[in-house]
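Engineer: Make a model of this:
(4 chains)
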4 protein chains.
Amino acid sequence: MHGYASDKDAYLKRLRRIEGQVRGIARMVDEDTYCIDVLTQIAAVTKALQAVSIGLVEEHLAHCVVDAARTSPEEGAAKVKEASDAIARLVRS
Amino acid sequence: MHGYASDKDAYLKRLRRIEGQVRGIARMVDEDTYCIDVLTQIAAVTKALQAVSIGLVEEHLAHCVVDAARTSPEEGAAKVKEASDAIARLVRS
Amino acid sequence: MHGYASDKDAYLKRLRRIEGQVRGIARMVDEDTYCIDVLTQIAAVTKALQAVSIGLVEEHLAHCVVDAARTSPEEGAAKVKEASDAIARLVRS
Amino acid sequence: MHGYASDKDAYLKRLRRIEGQVRGIARMVDEDTYCIDVLTQIAAVTKALQAVSIGLVEEHLAHCVVDAARTSPEEGAAKVKEASDAIARLVRS
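Structural biologist: Numbering: from 1, shown residues only, chains lettered A, B, ... in the order given. I've put the predicted structure just below:
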């Protein structure tokens, strides 16, 4: 069972809202909306996606990483390395 | 006419692909995909949105800001201020 | 004359403060300060550097890019391309 | 003992190099270097600071968080919350 399982419905709801926001941005471009307003909306979607990522990282640490650490030092170390790489991709994106 | 008008179809195509990617992330969550794989996919979407923003900024500078600068110093200054604020939101998001 | 010339002293002052903050972070590491506190301080320095970048971009657009646009379409286009590339590096860093 | 203790010298070396880079940026501004070149250098320093943060996060997870998780679920949860908040500040900066 994954870290985010208990909040699955909340994540799905947030992702559906983000999907709708991206569709709204396409509509703005299609209707020749002023560039600055399109940029503002893209920044809002980017922040919403970041918030989802941050939530997933927290639950991944709280469940998968902590469980692995309690199982054995080797499994803990492997999960920490994997999580750190994912965090690095997030910080750099 | 806006800066991105001549590339409108290309932008619409990219935004539709991003919309599909967000829908794919919701599907991953719905199917209990491993958190790290979900995070990797969100980082990819964030990068794709950033690339759209960077393209829009470039065309906004090349058209709206340059045109305003050639019209009058006051209009140029107003458009530069507006563009800089949008760039700041982008850098901070 | 560059875009930031009139604010040069203010920029120098901000950069000296940032230099001092980086030295402070080294001191924190040397004194074995708790990792989370070191991270908080690095995030503050990163934000301060971003603010300097955003200020430099605004003045670059307001002076170098606007002046080039008023000189000729070709010079304007060249400066816009160069500024956009710098903004892209900033957004991605 | 902190997560980064065994690499302390390497971190101090990297931070001293970053401090020198910030001093170099102040010198560039003082000598009226072209704005775009100053921006390129600031982006390089930001990336170097991010790399330090990412390293500290990894070691914090590998030591402090894992040790807390192995001590008790409550201590593990508290450390995970604290680390997640630090990661969120990093992603948003």
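Engineer: Mind listing residues that contact stretch A:57-64?
Structural biologist: Residues outside stretch A:57-64 that contact it (CB atoms under 8 Å, 6 or more residues apart in numbering or on different chains) are A:1-4, A:7, A:79, A:83, A:86-87, A:90, B:35-36, B:39, D:61, D:65, D:76-77, D:80-81, D:83-84, D:87. The C-beta positions use only the backbone N, C-alpha and C, and glycine is treated the same way.
Engineer: what about A:D67, which SS state?
Structural biologist: Under DSSP: H, G, I helix; E, B strand; the rest coil, A:D67 falls in the helix class.
Engineer: okay, now it: neighbour count?
Structural biologist: 16 (other CB atoms under 10 Å in any protein chain shown).
Engineer: Tell me which residue in chain A sits closest to chain C.
Structural biologist: A:R92 (7.9 Å; CB to the nearest CB).
Engineer: Do you know the pLDDT at that residue?
Structural biologist: Note on A:R92: pLDDT of 86.
Engineer: That one contacts D:Q50, correct?
Structural biologist: Yes. Assessed by CB atoms under 8 Å, A:R92 is found in contact with D:Q50 at 6.8 Å.
Engineer: More neighbours: which of the two?
Structural biologist: Neighbour count, other CB under 10 Å: between A:R92 and D:Q50, D:Q50 has more, with 19 against 15.
Engineer: element containing the more buried one?
Structural biologist: helix D:35-60 (DSSP states H and E).
Engineer: ok, A:Q21 to chain B distance?
Structural biologist: Distance check for A:Q21 against chain B: by CB to the nearest CB, to the nearest Å, it reads 9 Å.
Engineer: Quick check: nearest residue in space to that residue, chain neighbours excluded?
Structural biologist: Nearest residue to A:Q21 in three dimensions, chain neighbours excluded: A:V45, at 4.9 Å (CB to CB, 6 or more residues apart in numbering or on different chains).
Engineer: Pull the contacting residues for that neighbour.
Structural biologist: Applying CB under 8 Å, 6+ apart, we find A:V45 in contact with A:18, A:21-22, A:25, B:49.
Engineer: Can you tell me what sits against stretch A:78-92?
Structural biologist: A:50, A:53, A:57, A:60-61, A:64-65, A:68-69, B:36, B:39-40, B:42-43, C:92, D:50, D:53-54, D:57-58, D:61-62, D:65-66, D:87, D:90-91.
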